[in-house]
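Q: Quick one, structure for this:
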Amino acid sequence: MHVLVTEAQFGNAERIVRRLREQGVRVSTCHDRVGYCRVLGPGGRCPLDDFTGPVDLVVDVRGAGDELTVREYGVACAVRAMRDVVVVPVEAGVPVTVPAGLRNVVSGLTEEQLIERCRRGPRVQAAAVDGWAGRPEPPA
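A: From the prediction side, this is the model:
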């Protein structure tokens, strides 16, 4: 499984990235070590454009707050690329806050739910048949 991780604030995702890698998950990040979007560096490429090892899931690690930060713009890229996106809180036990503009296209998970989902591997993309290609089910 290939997971792309972004975060609201620098360092938010460190623990989750470590835990995912311990589970054998291939993890890429939206930003390099100094905080720049991977596309903006010389010869840079976005992990969403990797067709040989495509991203199965995009994870946004964030605290409270209803506004996307600049470090979370990878979520918008992922939605445009029709990838499944989940939001996970920075701290265990803290409620997941999904930004208002994304509530119909991303899901909220706890850290433990994320780890379990990755343990199971990528979902069968049956949703592609009905046009939702990897996105959460539309609201009823």
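
Q: what's the closest non-adjacent residue to V75?
A: Among residues not flanking V75 along the chain, D60 sits closest, at 5.0 Å (C-beta to C-beta, 6 or more residues apart in numbering). (Each C-beta comes from the backbone N, C-alpha and C, glycine too.)

Q: Backbone dihedrals for the one you found, both of them.
A: For D60, the backbone dihedrals are phi -110, psi 120 (criterion: degrees, to the nearest 10).

Q: V70 now?
A: When quoted as degrees, to the nearest 10, the phi and psi of V70 stand at phi -60, psi -40.

Q: and it, how many neighbours does it have?
A: Neighbourhood size, V70 [other C-beta atoms under 10 Å]: 9.

Q: Number the chain from 155, please
A: Okay, residue one is now 155; in that scheme the one you just asked about reads as V224.

Q: Now do the same for it: its pLDDT.
A: If you check V224, the pLDDT there is 88.

Q: again, but for P201
A: Here the pLDDT value assigned to P201 is 95.

Q: for the residue nearest to it when sequence neighbours are not counted, which residues make a bridge with it?
A: Nearest residue to P201, sequence neighbours excluded (C-beta to C-beta, 6+ apart): S182, at 3.9 Å. Note on S182: beta-bridge partners by DSSP bridges are L158.

Q: Would you map the helices across this structure?
A: With DSSP state H as the criterion, the chain has helices at 168-176, 227-234, 265-274.

Q: can I get the CA coordinates of the last one in CSV?
A: Taking C-alpha atoms only, helix 265-274 is exported to CSV below (Å, rounded to 0.1, in the frame of the first residue of the first chain):
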residue,chain,number,x,y,z
GLU,A,265,-5.1,7.1,14.2
GLU,A,266,-5.9,3.5,15.2
GLN,A,267,-8.6,3.2,12.4
LEU,A,268,-6.0,4.5,9.9
ILE,A,269,-3.4,1.9,11.0
GLU,A,270,-6.0,-0.9,10.8
ARG,A,271,-7.1,0.3,7.3
CYS,A,272,-3.5,0.3,6.1
ARG,A,273,-3.0,-3.2,7.6
ARG,A,274,-5.9,-4.5,5.5
